[in-house]
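A.B. asks: coords please:
(chains A and B)
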Amino acid sequence: QKEVEQDPGPLSVPEGAIVSLNCTYSNSAFQYFMWYRQYSRKGPELLMYTYSSGNKEDGRFTAQVDKSSKYISLFIRDSQPSDSATYLCAMSGTDSWGKLQFGAGTQVVVTP
Amino acid sequence: DSGVTQTPKHLITATGQRVTLRCSPRSGDLSVYWYQQSLDQGLQFLIQYYNGEERAKGNILERFSAQQFPDLHSELNLSSLELGDSALYFCASSQGGQGIGEQFFGPGTRLTVL
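C.D. replies: Prediction:
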């Protein structure tokens, strides 16, 4: 079983809809949680960075972390065709230095 | 643009050969990380350097090695290349070394082994 599970999709939504993405993990030592966006095999772009549990909002993006359930989510409001990309969750703990454990990535397609 | 630069963008070589990938971190970042992304394995952590010293190691093959130089740029050396080494190789950087703080990724080097 992988440490981080993420549904690969694809997830297709109409323009303007809310995109809901999530990851589950098994390592309770994870404390730092990130979401990256990757366009067609380009370098991953950091979208959200959160520490421990709670919510964080940045523009159209909201990240949620529920450590008790080992579950993290990313919501994208008012989705645009330019949001079409692969979204990767990543996480690490202070016991693992900088080693990020990535999910498989979810491909999102926003249709006009 | 993340501020992390990688060269070359593309590399095509033959089995058994050796290549060197180069990474320059963002200004002020002391940590450099190397990741491999293949279609079947996803993004896999290879190795981390912090201010010139190796700090963490992932599933890096013995045929692969890395170093970080005094000017903080890093090189990843891949030798005795096999077809299965074909992948995207990303470098990332962060300010600190203890896994605290965001990691910013470069554009990657696409390696094709024929």
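A.B. asks: where does the chain have low pLDDT?
C.D. replies: Using chain A. In the predicted model, chain A carries pLDDT under 70 at residues A:96-97.
A.B. asks: Wait, chain B was what I had in mind.
C.D. replies: If you take pLDDT under 70 as the line, chain B has these spans: B:97-100.
A.B. asks: what separates the closest residue to residue A:60 other than its chain neighbours from chain B, distance-wise?
C.D. replies: Counting by C-beta to C-beta, 6 or more residues apart in numbering or on different chains, residue A:77 is the residue found nearest to residue A:60 once chain neighbours are left out, at 4.6 Å. C-betas here are computed from N, CA, C, even on glycine. With the distance defined as C-beta to the nearest C-beta, to the nearest Å, residue A:77 ends up 22 Å from chain B.
A.B. asks: And stretch A:25-39, what's buried?
C.D. replies: Residues A:25, A:30, A:31, A:32, A:33, A:34, A:35, A:36, A:37, A:38 are the ones in stretch A:25-39 that count as buried (16 or more other C-beta atoms under 10 Å in any protein chain shown).
A.B. asks: Kindly apply the preceding question to stretch B:72-82 instead.
C.D. replies: So, applying 16+ other C-beta under 10 Å, buried residues of stretch B:72-82: B:72, B:74, B:75, B:76, B:78, B:81.
A.B. asks: what's the closest of the residues you listed to residue B:19?
C.D. replies: residue B:78 (5.3 Å; C-beta to C-beta).
A.B. asks: Contact residues of chain A facing chain B?
C.D. replies: Contacts of chain A with chain B, taken as C-beta under 8 Å from any C-beta of the partner chain, map to A:32, A:34, A:36, A:41-46, A:49, A:88, A:90, A:92-94, A:96-105.
A.B. asks: what does chain B have sitting close to chain A?
C.D. replies: B:2, B:4, B:31, B:33, B:35, B:37, B:42-45, B:48, B:50, B:55-56, B:58, B:88, B:90, B:94, B:97-100, B:102-108, B:110.
A.B. asks: Now intersect those with the helices, please.
C.D. replies: In helices, judged by DSSP state H, none of the residues of chain B next to chain A are found.
A.B. asks: which ones among these are found in strands?
C.D. replies: Of the residues of chain B next to chain A, the ones assigned to strands by DSSP state E are B:31, B:33, B:35, B:37, B:42-45, B:48, B:50, B:55-56, B:88, B:90, B:94, B:104-105, B:110.
A.B. asks: Identify the spatial nearest neighbour of residue A:30, chain neighbours not counted.
C.D. replies: Nearest non-adjacent residue to residue A:30 (C-beta to C-beta, 6+ apart): residue A:91, at 4.3 Å.
A.B. asks: who's the one you found bridged to?
C.D. replies: Beta-bridge pairing of residue A:91 under DSSP bridges involves residue A:33, residue A:101.
A.B. asks: Which residues are in contact with it?
C.D. replies: By C-beta atoms under 8 Å, 6 or more residues apart in numbering or on different chains, the contact list for residue A:91 reads A:4, A:23, A:25, A:27, A:30, A:32, A:33, A:34, A:72, A:100, A:101.
A.B. asks: And residue A:82, how close does it get to residue A:91?
C.D. replies: 26 Å (C-beta to C-beta, to the nearest Å).
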